[in-house]
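Undergrad: mind looking at a prediction? Sequence and model below.
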Amino acid sequence: MRQTIKKVVKYTGVAVIAFFFLFPVYWLVITAFKYPEEWFQWPPIIIPINLTLDNFFGLKGGVYGHLTTSVANITPYLINSTVVGVVTALVSTAIAASAAYAISRYKIGGMRFVSWIISIRMLPPIAAALPLYIIFMRLHLLNTWWALILSYLLLTTPLSCWILLTFFNEIPREMDEVAQVDGCSPFKAFVYVILPLSAPGLAAVATLSFIACWGEFLLALILTSNQQAQTLPIFLGRYITGWRIAWGPLSAAGIINMVPVIIFSLIMQRYLIRGLTFGAVKG
Amino acid sequence: MYTRLTAKAVPFFMVLPLILLFLSLAMFPFGYMIYISFHDYNLAEGGSPTFIGVQNYLAMFRDNVALSSIRFTLLLVCTAVPIELGLGIAIALFIRGITGEKVIRSSLLLPMMIPSVVAGIAWKMLYNYEYGPMNYFLSFFGIPRISWLGNYTFAQIGIILADVWQWTPFIFLILYAGLQSIPRELAEAAKVDGASEFEITRFIELPLLGPLIGVSLIIRIIDVLKVFDIIYMVTWGGPGSATHSLSYYIYKVGVSFGWDIGYAAAISLVLLGSIVALTTFLIRMLRLKKSLGFE
């Protein structure tokens, strides 16, 4: 009997937890598929029956006019986000891997160097955004992909380096030595032996970087000003400051912003968690 | 084969990109920030920076909004972080042994993985006064509608709630993984000795999780001190300046409403200084140097 009570409590508890953490996302998703009249009703429509794809392809006339997320509108932002995200992820991982290897094998810079790298994380983005704005202004790089890529490199590389450091530390040095005995230079040993071995770590780090860039808001807000370089989060942010907010299209755009991240997260789960726990724990 | 020179050169060149990146994009801006915080430099007024010593810093103490931003940010640290920690641990402990454990773990990834702006949109809808689901669910308990976005206190609670929602999974994931890595033999040995489940948790698992709890505590504190996105999306800092975080206020002062870069830089440095000081203090106090890898 006691076991059954425990079970009931556990399952109710889990249901409550799942509900709390998933409902907001659920709400956003269903709003994207609702007709405008149903976005806000009392009582709120929790289980929608009338579904539509209008919000994705442009509202048919009505009050919201040009505030649509028709494919044409969102594409430039989608492209910007993708380009910036992919480039940053690749470059950041390369730089981080290179440095992490040097630190792991040669202890270059010692503890101080590592602490310095980690302490970059303490920097509030806004504090970096101000001088970066001025620097990019002088270099005429405002509102370009470069401004974002360079800034995001700053944000993602420290964590990537840290995570890869823990990964590399786990690969026994004998591996390097075997390769070098066979005639490889340290660099070659790195590229042909260590990198393939740490492929999961590299993938995790690249994914984390991509996710970070994909959702980054503040720097994009400050450093870009129109769709030439603005990313998806800004597209979403612009709608929220209006008086009449087109919640349906906004939610639809939100889904687009969410979907790649969710897919990546689910695929890379195991490695992501490992990365997030700093490799301190073997997931 | 390679010469000794090459042997030394290789690691140097491998670290070089990272160092260059940081020097140009972090150190240099950092130095510039210090420099400009002692000047009066307003982008809207044009002209060049004029030296004014510590006036920017002094102005902070007379600035009510700056002070209330500091208070709200500290409030967030003192409420959101402990709640996230407590809930995260509780859920991690609670969820063990349930069928579908993996599914729960995967779905709990969601809040922290989705972009903050998307989370902000969702919560902004939930908090709607007339039609929002939050007020709807509250009505089940006979609680009258709350003006989440229009009431000073409730807006603050609203941000705290949204942050807890977003980041409890972070703590949960770390601690859950930590629990997984505790060798079973320990718990089994304790059971043989007659320990109850509760005692196992309290005397074996929690102490072993200590370092991880400490590390996640520090990470969360740093991140909460920097919070911006969720505030921008859900409350726009309002009502009034009720939910201004320090980052948000710096944003307003520096690149949004006022273009007073000098003042914004001064506040930023204060924020950065506080983060560094607090973090160092916590690391020392909780003796976490070893867990972070600084052995």
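TA: Alright, I've got the coordinates.
Undergrad: three-state assignment of residue 78?
TA: Using chain A. helix (DSSP: H, G, I helix; E, B strand; the rest coil).
Undergrad: in this structure it contacts A:Asn257, no?
TA: No. In this structure A:Leu78 lies outside contact range of A:Asn257 using C-beta atoms under 8 Å: 9.1 Å. (C-beta placed from N, C-alpha, C; glycine too.)
Undergrad: find residues that contact each of those two.
TA: A:Leu232 (C-beta atoms under 8 Å, 6 or more residues apart in numbering or on different chains).
Undergrad: quick check: A:Leu236 vs B:Ile121, distance?
TA: Separation of A:Leu236 from B:Ile121 (C-beta to C-beta, to the nearest Å) stands at 6 Å.
Undergrad: anything in contact with each of those two?
TA: Counting by C-beta under 8 Å, 6+ apart, the common neighbours of A:Leu236 and B:Ile121 are A:Leu250, A:Gly254, B:Met233.
Undergrad: ok, these vs B:Leu206, which is closest?
TA: B:Met233 (35.8 Å; C-beta to C-beta).
Undergrad: thinking again about what came up before, quick one: which of A:Leu236 and B:Ile121 has more around it?
TA: B:Ile121 (28 against 25; other C-beta atoms under 10 Å in any protein chain shown).
Undergrad: let me know the pLDDT of the nearest residue to the more buried one once chain neighbours are set aside.
TA: Excluding its sequence neighbours, the residue lying closest to B:Ile121 (C-beta to C-beta, 6 or more residues apart in numbering or on different chains) is A:Gly254, at 5.2 Å. The per-residue pLDDT reported for A:Gly254 equals 88.
Undergrad: quick one: what helix or strand has A:Gly254 in it?
TA: Using DSSP states H and E, the element containing A:Gly254 is helix A:247-267.
Undergrad: closest point of chain B to chain A, which residue?
TA: B:Pro115 (2.9 Å; C-beta to the nearest C-beta).
Undergrad: so that residue makes contact with A:Phe217?
TA: Yes. Contact criterion C-beta under 8 Å: B:Pro115 and A:Phe217 qualify, at 7.4 Å.
Undergrad: shared neighbours of the two, which are they?
TA: With C-beta under 8 Å, 6+ apart, B:Pro115 and A:Phe217 have common neighbours A:Pro233.
Undergrad: okay, now the unreliable bits of chain B?
TA: Applying pLDDT under 70 to chain B flags the ranges B:1-8, B:288-295.
Undergrad: can you report phi and psi for B:Asp260?
TA: As for B:Asp260, its main-chain torsions (degrees, to the nearest 10) stand at phi -80, psi 90.
Undergrad: nearest the geometric middle of the chain, what residue?
TA: This is for chain A. A:Ile211 (1.5 Å; C-alpha atoms, centre = their mean).
Undergrad: that's the other chain; I wanted chain B
TA: Central residue of chain B (C-alpha atoms, centre = their mean): B:Asp223, at 2.0 Å.
Undergrad: how near is that residue to B:Ile70?
TA: Here the distance between B:Asp223 and B:Ile70 works out to 17 Å (C-beta to C-beta).
Undergrad: distance from the chain centre to the helix or strand hosting B:Tyr136, please.
TA: B:Tyr136 belongs to helix B:133-140 when assigned by DSSP H and E. Mean-position distance between helix B:133-140 and its chain equals 28 Å (C-alpha atoms, centre = their mean, to the nearest Å).
Undergrad: so for it, what gets flagged as buried?
TA: B:Pro133, B:Met134, B:Asn135, B:Tyr136 (16 or more other C-beta atoms under 10 Å in any protein chain shown).
Undergrad: turn those residues into JSON lines, including distance to chain A.
TA: Formatted as JSON lines, the buried residues of helix B:133-140 follow (distance: C-beta to the nearest C-beta, whole Å):
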{"residue": "B:Pro133", "distance to chain A": "5"}
{"residue": "B:Met134", "distance to chain A": "10"}
{"residue": "B:Asn135", "distance to chain A": "9"}
{"residue": "B:Tyr136", "distance to chain A": "5"}
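Undergrad: quick revisit: most surrounded residue in the shared contacts of A:Leu236 and B:Ile121?
TA: Tallying neighbours with other C-beta under 10 Å puts A:Gly254 at the head of the shared contacts of A:Leu236 and B:Ile121, with 30 neighbours.
Undergrad: residues contacting that residue?
TA: Shown in contact with A:Gly254 (C-beta under 8 Å, 6+ apart): A:Leu28, A:Ala32, A:Leu236, B:Val117, B:Val118, B:Ile121, B:Ala122.
Undergrad: the host helix or strand of the third one packs against which elements?
TA: Secondary-structure assignment from DSSP H and E places A:Leu236 in helix A:232-240. The helices and strands touching helix A:232-240, judged by 3 or more C-beta pairs under 8 Å, 6 or more residues apart in numbering or on different chains; DSSP states H and E, are helix A:71-106, helix A:218-223, helix A:247-267, helix B:116-126, helix B:229-234.
Undergrad: now do the strands in chain B.
TA: B:39-40, B:50-51 (DSSP state E).
Undergrad: now these in CSV, with distance to chain A and mean neighbour count?
TA: Output for these, formatted as CSV (distance: least, C-beta to the nearest C-beta, whole Å; neighbours: other C-beta atoms under 10 Å in any protein chain shown):
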stretch, distance to chain A, mean neighbour count
strand B:39-40, 12, 20
strand B:50-51, 16, 10
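Undergrad: relative to chain B, which residue of the stretch 151-283 of chain A is the closest?
TA: Nearest residue of the stretch 151-283 of chain A to chain B (C-beta to the nearest C-beta) works out as A:Gly215 at 2.9 Å.
Undergrad: my guess is that residue meets B:Pro115, correct?
TA: Yes. A:Gly215 is in contact with B:Pro115 according to C-beta under 8 Å; the separation is 2.9 Å.
Undergrad: identify the contacts common to these two.
TA: Counting by C-beta under 8 Å, 6+ apart, the contacts common to A:Gly215 and B:Pro115 are A:Pro233, A:Asn257, A:Val261.
Undergrad: got a winner among these for most neighbours?
TA: Neighbour count (other C-beta under 10 Å) singles out A:Pro233 as the most crowded of these, with 28 neighbours.
Undergrad: residue contacts, that residue?
TA: Applying C-beta under 8 Å, 6+ apart to A:Pro233 gives the contacts A:Ser81, A:Gly215, A:Glu216, A:Phe217, A:Ala220, A:Asn257, B:Pro115, B:Ser116, B:Val117.
Undergrad: ok, 10 Å please
TA: When contacts are counted by C-beta atoms under 10 Å, 6 or more residues apart in numbering or on different chains, A:Pro233 touches A:77, A:81, A:213-218, A:220-221, A:253-254, A:257, B:115-118, B:120, B:229, B:233.
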